[in-house]
Structure formats: structure tokens, C-alpha cells
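Peer 1: Sequence and predicted model, in that order:
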Amino acid sequence: MQPMRLRRQGPPLLCLSAALLACALLAGPAVADGVTPSEARRLRDEVKDMFYHAFDGYMQHAFPLDELRPLSCQGEDSLGGYALTLIDSLDTLALLGDKERFSAGVQWVGKNVRFDINKTVSVFETNIRILGGLLSAHLIASDYATGMRIDSYDDQLLHLADDLAQRLLPAFDTPTGIPFGSVNLLYGVDDDESKVTSTAGGGTLTLEFGILSRLTNNSVFEQVTKNSVRGIWARRSKLNLVGAHINVFTGEWTQKDAGIGTSIDSFYEYLLKAYLLFGDEEYLYVFQEAYKAVMHYLHHDPWYIEVNMNSGATVWPLFNSLQAFWPGLQVLAGDVDPAIRTHAAFFSVWKKYGFTPEGFNLATSTVQNGQRSYPLRPELIESTYWLFKATRDYRYLDVGRDILASLQYGAKCPCGYCHISDVETHKQDDHMESFFLAETVKYLWLLFDLAVGPDNIVENGPYKYIFSTEGHLLPATPEIALVDEHCLYFGAFCNGSTDRGYGNGDSSSKQQSSNYTQFDDRQTASSQYSMSNVLFATRGYIKGVCPGLNHAQKLGISYRNEEGNSVEQNSRDHENPDESYVAASGVQTQSSSVILMSHSVTSQPDESVETISIPHENIVVTADSEFMREPMRTDATGGSSQKLTGDTDEDIVYQEQNEDSTS
């Protein structure tokens, strides 16, 4: 492995020791003696006990307040004062098969939670924790096929979700379509509300709002969140990078650092997952372009850095703990090899301290000042689960065992599990955020249960599931995925309808849920990894042509050309109108498998940013198949460290031609 290289002059980005951390893991034996099936069963049961220690501590000492203070055994209202931890934990109870407590929780929430309260809440956190928790629990409780159907349940959680989303809608009333960061649930947006929000805050709403649109037959929820994503992407830089913070009125970037972690992470996550769940190719197209830019400008194998979005100059040689979701996302995209290397590097930081700090400086191989804590984050465990699912390499069970041991011996408190305020001293802090039960414990349990021989609704249930950024279970049911009604591209036509767009519309096949492809236990990682072996291909394919339009125009997201920076792909003429539509620029049809990235897109050798060109030829997607984190909780600019380099170029803002075409 070569040490990381800067694209511009500056101090060395990585110490040699830091650059070799991943090599030691990849080249050597497993971290410890391999986990046997019997030990995996014991570890799974230990994780279950971990969940109930924390959940029972919350119910006994904090409920119905939002969150538990596990050291003092008290509660606190941290978000809106509506039993946050219970709502966030409902689908974990269902996953564990605890029908009694799941049923009791659903019924209590349906009878007691109300949102007509004078509370100003985070749009992002309320969406992923409360709205996502309500929708996931509703979909489980209302469906006999899940085995957790509640006979007395009458869509109470869906009504609550609808009411909550209606109260969040005023946040989207901005010139850019990007929502305010906060909204008052009773009175709308406060007069003094900040006009600056994070990219993840505006781009991590599509799954929950999209599902709600399908369940309520109200398209407004899905439209406003798509407009928000378009508003962000239309203002990307000429390098196809987005910054961390943006003014929702002017569209100007107020923080131009581009990365995959703090304040941006789940923007990328929801682009891919919105395509996987809904089949909307607009999200796939944007994800492909965004992913190529990340791998070109931010990826210094095996690490990821932060750069100026306009120039590509390095500003932060930093690993922050939120980046650890990225290998799991790469597994979903089919780019497994770089995911393996990056996960090993990230885990080496955990091994060094027993936890991952919020920030780890790659230039000094030390914890970043001001970012010394570990607030029980799930991202590294999430990626561990996905990599084990993709490769069946038992090394990832060893990783899970080490993480579990760290949590048990370092974070366990009298009434739950504590934040670690300093990863070097392991000093505990009296907080336990709800995502510990919604995500951290959930992914650990899924990891070991998968090794034992899974017996849960995710692996053996009637549907395939997408996990939200809060770890909530979102099923790809026909009602949500709209298998037989999906429009191939925005503004075109739907199945069986010739009056909604161009050309002739019909579905070449009507796929049903029985067509789901089960995971092959023998699958191993490779550079040509087929995601159809992991997930499924169900969506019907719509025929038709749109003469004279390229792929970007067909998606309704054409942009103004800049010299040397055309972001539109060249169109391919459709000579035979009876043949299925094939997206331009290297998008080809295959019969059964889907490879989002046909090759690993890696950092280029030494070259100035002016001479870098981003290739468009190495993305392959099937036309008739489908394959299958969280923004700033702490500020990436916290601490006393100075940026290595800077850039004072003005923002380059690209306006979308039809920005609010869906409103």
C-alpha cells in the first residue's frame, strides 16, 4: 500500500504508521480465534441481554421522558417530550420476536403520544427517529405476514405519522426547497430560525416521507423531499461535490468542506436507498455521479478525507466516526473490495482505543482535540454486519465480538449504557441516546444471528428490508415499491398508461414478491460482486422512448453547461422504439445481475485538480433489475486543530432549470 498523496502541495497527509494500520489487519490472521457457531449463539444472546438491560432501565427510570440517564438512573426530554426511546425501539422489539412488549409499546404510543405541542424540534432527528419509528412499527403491527400483527391495531401509528409529517411540512417553505433545520410542531417555523442547515439534514428525508406518501396516497410528502434533494444537488460544485452547510434561502454554501462524514453522510446514503426502495432512477443517477466524485477526490485508500468542494484541496485529514457507515453503503452498491479495506482501517482505530473517537487525525495518528468522545454510535457495527452478510468472512464476527466486549466492559452502567466522554481514559458520561437501542444493539444482534442461522423477519420474513439511517426496518412491499406502477423516469409514463408522457407504455413483466432472490451463503466478495445475490430484482420494466432527450433531461434534472464542466451525459439515440429504454453513457442491460460499480473507483495518481477528469464509462446498471449516515450530531470543525490548506474560491452554484417541477 502506498502512503496517501496530496493533490496539491502541503504537508504529508498521513504518517506511515497510520497508513499501515489497515495493512496489518488485512495481511494478518483474524483478530482473535475464530468465533464458532456455538459462541456466535452465546454472543447473540448476550446482545439480547444488553438490549433488555438498557430498555428495561429506560422503562423503569426514564419513561415516558425521551431518553435515559444511565448513570444516575433518571430520565430527560431531549427531543420533543414524547417517549422518544420507546418509539425508536419498537421495531427492535419486533426483530427480537418480543410480541408482548412490542404490542404493549404500540398500543401505548397510539393512545398517549400527541404532536400538537409547542415544541421546536429538529426536522432531521424527528424524521429519522420518530417518523421512521412510527412507520416501521406500523408496517410490522398491521401485517399478518410479519408474525407480529396486533389484532386490536387500527392504524393508530400511521395516523400519528401523518399528523407529525404535516407539522414538519412548513419547514420546506423556502426558495430552494431545502428545509429549515428546525420547526415548531404547533406554530411552524420560528421567526428567528437559522437559514443555514446541513446537507444531510436536507437530504435524509426521502425514505420516510416517500413511504408515508404511498401509505396515505398523499404525494406532497414525497414531492417536497425530492425537491430538497434536487435543491442540494443543483448547487453542487463543478467537481460534483457538495458542502456541509447551505443557506436554504440563497442556496449559498456556508461551509464548503466536502466529506462523507459529519453533516453530509446520510445524503449519500438516502440517494442509493431511495432508488433501492422506490425504484426511482433519478436517485440512482445522482448517486452514481456523487459516488464517482467521492471516490475520485475524497478517497485515499483506505481512508477518506475532507476537501474544499470547489478546488478539491485537502482541508481535513480526519477520520470521524460517522464515516464508518460508508463500507456498508458500498456493499449495497456492489463495490465490496474498497469497503473491506476501509472497514479494516476504521476498525484499527477502534482496536487502538477500545472505541472510535468522534475525530481521529490521520496526519498525527492521534485523537482530534475536542472530538474525544464515543456516544455509542452504530456506524462501524452496521458496516461490519453488511460485510459479513456479503462475504461470510468470519473475521467480521471477531470484530463484532471485540466491539461487544468493549461495550460491556467500558460502557455498561447501572441502568443502561453510557456515552464514553474520552476514548483514552474511558470516562463515562451520563447519557444514552435512543439510537443505541434502535441501531447499535440491532446491528450487533443481526450480525451474530446471521452466523447462527437467522430466524428473524429481516432475513427470513416475507419482504426484503431497507434500513433507514436510524436503523428502522422499511419493507419493500408491493404497496411501497409500487412494483407494477413505477414510472421508469420522472415525467415519463407509467405502466399501462399512454397519456402521461412519451411513446408507448407497458410492462414487459409483472414481478411479484415471490420473485425475490434469497441470499447465497456461499457468496464471497469480488470486484465483480453481483448485488442480485444479496437482495432482489422485482421491478417491472416500462418500454418507450423519449427522442432527442439525454438521460439527465429525461430525469428532469438538466443543468446549465459550464465550459469544461458539462454534467449532462451524452444521449444514445433509440433506433428501435420497441426496445426497452437503456440509459445513456455506459448504462447497459444485463439479464439477472446488477453491478452498480463495475470497477473500483479509486483516487488518481499525482495530478493537479485542473487536469482531473471524472470518467463516466465505468458504471453498469441493469435496466430491468434492482439491487439492492446521519448528519451532524457534533460539529466537524470542533476542536483546536487548524486546517492544513484552504481555498477562497467563490462558490460555484448551479441552478436547476426546473427546480420545483414536482410542486
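Peer 2: Perfect, thanks for sending it.

Peer 1: If we go by neighbour counts, what in the top helix by length along the chain is buried?
Peer 2: Longest helix in the chain, counting residues (DSSP state H): helix 37-61. For helix 37-61, the neighbour count (16 or more other C-beta atoms under 10 Å) marks 39-40, 43-44, 46-48, 50-55, 57-59, 61 as buried. In this view, the C-beta of every residue, glycine as well, is placed from N, C-alpha and C.

Peer 1: Test my guess that Ser152 contacts Val106.
Peer 2: No: Ser152 is beyond contact range of Val106, at 9.4 Å (criterion: C-beta atoms under 8 Å).

Peer 1: between these two, which one's more packed in?
Peer 2: For the pair Ser152 and Val106, the greater number of neighbours falls to Val106 (27 against 10), based on other C-beta atoms under 10 Å.

Peer 1: Okay, now the unreliable bits of the stretch 451-600 of the chain?
Peer 2: Low-confidence segments of the stretch 451-600 of the chain (pLDDT under 70): 483-600.

Peer 1: cool, the chain as well?
Peer 2: 1-33, 483-663.

Peer 1: if I look at the closest residue to Ile381 other than its chain neighbours, how far off is Tyr385?
Peer 2: Distances taken as C-beta to C-beta, 6 or more residues apart in numbering put Tyr443 closest to Ile381, at 4.4 Å, once the chain neighbours are dropped. For Tyr443, the distance to Tyr385 (C-beta to C-beta, to the nearest Å) stands at 5 Å.

Peer 1: Give me the neighbour count for Thr250.
Peer 2: By other C-beta under 10 Å, neighbour count at Thr250 equals 16.

Peer 1: before we move on, what about Arg114?
Peer 2: There are 11 residues near Arg114, going by other C-beta under 10 Å.

Peer 1: tell me which element it falls in.
Peer 2: Counting by DSSP states H and E, no helix or strand carries Arg114.

Peer 1: Contacts only, for it.
Peer 2: Residues in contact with Arg114 (C-beta atoms under 8 Å, 6 or more residues apart in numbering) are Tyr82.

Peer 1: For Arg167, see how far away it is.
Peer 2: The value you get for Arg114 to Arg167, if C-beta to C-beta is used, is 11 Å.

Peer 1: Equivalent analysis for Ile130, please.
Peer 2: Taking C-beta to C-beta, one finds Ile130 at 11 Å from Arg167.

Peer 1: repeat for Gly177
Peer 2: Applying C-beta to C-beta to Gly177 and Arg167 gives a distance of 18 Å.

Peer 1: higher neighbour count, these two?
Peer 2: Gly177 (26 against 21).

Peer 1: Could you list the buried residues of stretch 150-160?
Peer 2: Buried positions in stretch 150-160, judged by neighbour count with 16+ other C-beta under 10 Å: 150, 153, 156-158, 160.

Peer 1: ok, residues contacting it?
Peer 2: 102-103, 106-107, 109-111, 113, 115, 134-135, 137-138, 141-142, 215-216.

Peer 1: so Val224 is in which element?
Peer 2: Here Val224 is assigned to helix 220-233, by DSSP H and E.

Peer 1: typo on my end, Leu444
Peer 2: helix 441-452.

Peer 1: Can you give me the buried ones in the helix or strand just after that helix?
Peer 2: Following helix 441-452 in sequence order, the next helix or strand is helix 457-460 (DSSP H and E). Neighbour counts over helix 457-460 (16+ other C-beta under 10 Å) mark 457-459 as buried.

Peer 1: Stretch 76-91 too?
Peer 2: For stretch 76-91, using 16+ other C-beta under 10 Å, the buried residues are 78-80, 82-91.

Peer 1: Show me those that map onto helices.
Peer 2: 84-91.

Peer 1: Closest to Val183 out of these?
Peer 2: Leu84 (16.6 Å; C-beta to C-beta).

Peer 1: can you tell me which residues contact the closest residue to the closest one other than its chain neighbours?
Peer 2: For Leu84, ignoring the flanking residues on the chain, the nearest one in space by C-beta to C-beta, 6+ apart is Asp66 at 3.8 Å. Contact partners of Asp66, counting by C-beta under 8 Å, 6+ apart, are 75-85, 434.

Peer 1: Could you export the residues you listed as TSV, including distance to Tyr304?
Peer 2: Shown next, in TSV, are these (distance: C-beta to C-beta, whole Å):
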residue	distance to Tyr304
Gly75	37
Glu76	34
Asp77	35
Ser78	30
Leu79	30
Gly80	33
Gly81	37
Tyr82	36
Ala83	37
Leu84	31
Thr85	31
Ser434	27
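
Peer 1: what about the closest residue to Tyr291 other than its chain neighbours, neighbour count?
Peer 2: Leaving aside its sequence neighbours, Tyr291 sits nearest to Ala333 (C-beta to C-beta, 6+ apart; 6.8 Å). By other C-beta under 10 Å, 23 other residues sit near Ala333.

Peer 1: And Ala333, how far from Ala83?
Peer 2: 36 Å.

Peer 1: what does Val183 give?
Peer 2: For Val183, the distance to Ala83 equals 20 Å [C-beta to C-beta].

Peer 1: What is the nearest of the contacts of Asp66 to Asp190?
Peer 2: Relative to Asp190, and with distances defined as C-beta to C-beta, the nearest of the contacts of Asp66 is Gly80, at 14.7 Å.

Peer 1: and that closest one, what are its phi and psi?
Peer 2: For Gly80, the backbone dihedrals are phi -140, psi 0 (criterion: degrees, to the nearest 10).

Peer 1: and if you look at Pro475?
Peer 2: phi -80, psi 140.

Peer 1: Specify the beta-bridge partners of Asn320.
Peer 2: Gly359 (DSSP bridges).

Peer 1: contacting residues for it?
Peer 2: 259, 261-262, 358-360, 368, 371, 636.

Peer 1: With Leu185 instead?
Peer 2: Contacts of Leu185 (C-beta under 8 Å, 6+ apart): 80, 115-121, 164, 167.

Peer 1: Just give the nearest non-adjacent residue to it, would you?
Peer 2: Closest to Leu185 by C-beta to C-beta, 6+ apart is Arg167, at 4.7 Å.

Peer 1: on that earlier part again, the contacts of Asn320 into TSV, with extra columns for neighbour count?
Peer 2: Listed next are these as TSV, based on neighbours: other C-beta atoms under 10 Å:
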residue	neighbour count
Gly259	27
Gly261	31
Thr262	29
Glu358	28
Gly359	26
Phe360	27
Gln368	22
Gln371	22
Ala636	25
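
Peer 1: Drop anything exposed from the contacts of stretch 150-160.
Peer 2: 102-103, 106-107, 109-110, 113, 115, 134-135, 137-138, 141-142, 215.

Peer 1: What is the nearest of the residues you listed to Ser194?
Peer 2: Sorting the buried ones among the contacts of stretch 150-160 by distance to Ser194 puts Phe115 at the head of the list, at 22.3 Å, by C-beta to C-beta.

Peer 1: what's that closest one in contact with, if anything?
Peer 2: By C-beta under 8 Å, 6+ apart, the neighbours of Phe115 are 80, 82, 160, 163-164, 167, 185.

Peer 1: any idea how far Thr262 is from Gly359?
Peer 2: 9 Å.

Peer 1: Please apply the same query to Ala345.
Peer 2: Counting by C-beta to C-beta, the gap from Ala345 to Gly359 is 15 Å.

Peer 1: And for Arg236?
Peer 2: In terms of C-beta to C-beta, Arg236 sits 25 Å off from Gly359.

Peer 1: now the strands for the stretch 51-200 of the chain?
Peer 2: Assigned by DSSP state E, counting those that start in this stretch, the strands in the stretch 51-200 of the chain fall at 67-69, 74-76, 120-122, 182-184, 196-198.

Peer 1: So which of these is the most surrounded?
Peer 2: Ranked by average neighbour count under the criterion mean count of other C-beta atoms under 10 Å, those are headed by strand 67-69 at a mean of 26.

Peer 1: name the helices or strands packed onto it?
Peer 2: helix 37-61, strand 74-76, helix 84-95 (3 or more C-beta pairs under 8 Å, 6 or more residues apart in numbering; DSSP states H and E).
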